[in-house]
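K.L.:
return atomic coordinates for the entry below.
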Amino acid sequence: MSCRQHFLNHVRHVTTAAKHPGGRTLLLTFDAFSTLFHPRQPIAEQYTSTAHSFGLSPSVVVPDKLQAAFKDAYKAQSKRWPNYGRQDVLKGRYGGPREWWGDVIRGSFTRLIKGDDTGDQVELPEGMVERLLDRFAGRDGYALYEDVIPFFERLKRLKLDAGVGIFDRIVVGVISNSDDRVPAVLKSLGLTVGDVRADQERSSMDLPGFEERSRMDEDAKVLSSALYSSSETIDPVNDIDMVITSYEAGEEKPHRLIFDVAKRQAQRMVASMHAQPESTSSDEWICVHVGDDYKKDYRGAIDAGWDSFFLAREPLGDDIQPAKKIDTLVELIPKLEGYNE
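P.N.:
Presented below is the predicted three-dimensional model:
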């Protein structure tokens with residue numbers, strides 16, 4: 001059976017099934033960087049090659065020295081402007097992620113060329129900072145891990161079977177300690193991504209950032225309503241239904257707030273399809289987060305009351321012993337099917 005025919009059969013099923021807001025919902029979220037995608041080449045090498053293309057000396061700008069300078073600049077920037085300066089952005093005193101990363105870039109090259117960041121920053125060639133900002137907003141800078149596409153193909157089949165399989169609904173999200181470039185990166189790498197974002201204190205649409213999202217036109221809204229207003233699933237066409245970044249949510253993992261915001265947004269998505277309150281006594285939510293960072297992803301999710309799987313992209317140290325570990329995303333499928341037991 002083709003994917004299209006499967007989808008049409010699914011729509012027929014959910015539109016004739018019993019209509020009720022309750023049921024069993026899986027909220028499945030992933031970290032982004034080093035879980036779904038990775039730098040296409042080491043970041044220092046990409047910075048170096050870009051600098052050389054703008055005329056900076058290859059004898060001065062070398063990857064190992066730039067790597068050390070970048071690490072120091074990033075650490076200093078994170079301390080001075082936590083979470084991309086979000087609190088000061090809300091007060092109108094800072095420009096957000098674009099300014100934040102621009103400062104990191106300039107600080108990295110200042111440390112490399114001058115030996116420190118005291119005094120004035122070095123003047124970089126016109127357009128170089130913007131080139132690097134754009135590079136790391138898409139496929140020029142990043143690549144998917146090999147297991148990501150096969151995994152989402154299998155996960156999509158689970159989404160299409162929602163309502164007749166293990167779960168009544170499946171909501172798929174990304175929870176990332178990052179800025180709003182994450183959706184653009186995921187889309188550029190071939191994944192389909194929904195428009196739901198965090199909405200904490202101030203609409204994410206109003207926070208200054210990288211992404212310029214266009215809202216669905218009226219025809220798209222009508223089609224979406226016709227297909228899914230009575231459905232018990234989130235749009236099965238999307239690989240990822242929502243992206244929750246720390247910049248938009250207000251706190252970074254492992255803080256519980258970012259997980260709470262993700263669940264709240266998922267509940268709103270489900271409730272909007274049934275014109276119901278955000279949760280009912282008949283709801284059963286199974287919340288699962290997957291990531292490669294033991295403290296921020298694995299422990300953060302557990303401490304927020306979620307289930308969690310540690311994705312071992314790199315060899316583990318002896319001091320890290322997660323109870324639930326997978327080596328590839330595809331291994332997660334039978335784990336999810338195990339929730340039926």
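
K.L.:
domain ranges for this protein?
P.N.:
3-38+143-340, 41-138 (automatic domain parsing).

K.L.:
can you add mean pLDDT and give those back as TSV?
P.N.:
Below are the domains of the chain laid out as TSV (pLDDT from 0 to 100):
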stretch	mean pLDDT
domain 3-38+143-340	80
domain 41-138	95
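
K.L.:
redo those domains as TSV? Include mean neighbour count.
P.N.:
Where C-beta positions appear, they are placed from N, C-alpha and C, glycine not excepted. Shown next, in TSV, are those (neighbours: other CB atoms under 10 Å):
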stretch	mean neighbour count
domain 3-38+143-340	18
domain 41-138	16
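
K.L.:
find the helix or strand that the spatially most central residue of the chain is a member of.
P.N.:
When CA atoms, centre = their mean is applied to the chain, the residue found nearest the centroid is residue 174 (3.7 Å). Assigned by DSSP states H and E, residue 174 belongs to strand 169-176.

K.L.:
just the CA trace of that strand, in CSV.
P.N.:
The C-alpha atoms that make up strand 169-176 are tabulated as CSV, following Å, rounded to 0.1, in the frame of the first residue of the first chain:
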residue,chain,number,x,y,z
ARG,A,169,-2.5,10.4,19.1
ILE,A,170,1.2,11.0,18.6
VAL,A,171,2.7,14.5,18.9
VAL,A,172,6.3,14.8,17.8
GLY,A,173,8.5,17.7,18.9
VAL,A,174,12.0,19.0,19.3
ILE,A,175,13.2,20.5,22.6
SER,A,176,16.4,22.4,22.1
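
K.L.:
list the neighbouring strands of it plus their orientation.
P.N.:
Strand 169-176 has the following sheet partners, assigned by DSSP bridges: strand 23-30 (parallel), strand 240-245 (parallel).

K.L.:
do I have it right that the residue nearest to the centre of the chain meets residue 242?
P.N.:
Yes: Residue 174 is within contact range of residue 242, at 7.5 Å (criterion: CB atoms under 8 Å).

K.L.:
name the nearest residue to residue 251, sequence neighbours excluded.
P.N.:
Take residue 251 and drop its neighbours on the chain: the residue closest to it by CB to CB, 6 or more residues apart in numbering is residue 257, 4.1 Å away.

K.L.:
where along the stretch 101-250 of the chain do the helices fall?
P.N.:
Applying DSSP state H, counting those that start in this stretch to the stretch 101-250 of the chain gives helices spanning 128-135, 148-160, 182-188, 218-228, 246-249.

K.L.:
which stretches of the stretch 1-150 of the chain form strands?
P.N.:
Here the stretch 1-150 of the chain has its strands, by DSSP state E, counting those that start in this stretch, at 23-30, 37-39, 142-144.

K.L.:
what sits up against the second one?
P.N.:
Just to be clear, that refers to strand 37-39. The contact list for strand 37-39 (CB atoms under 8 Å, 6 or more residues apart in numbering) reads 46, 141-145, 148, 185-186, 189, 313.
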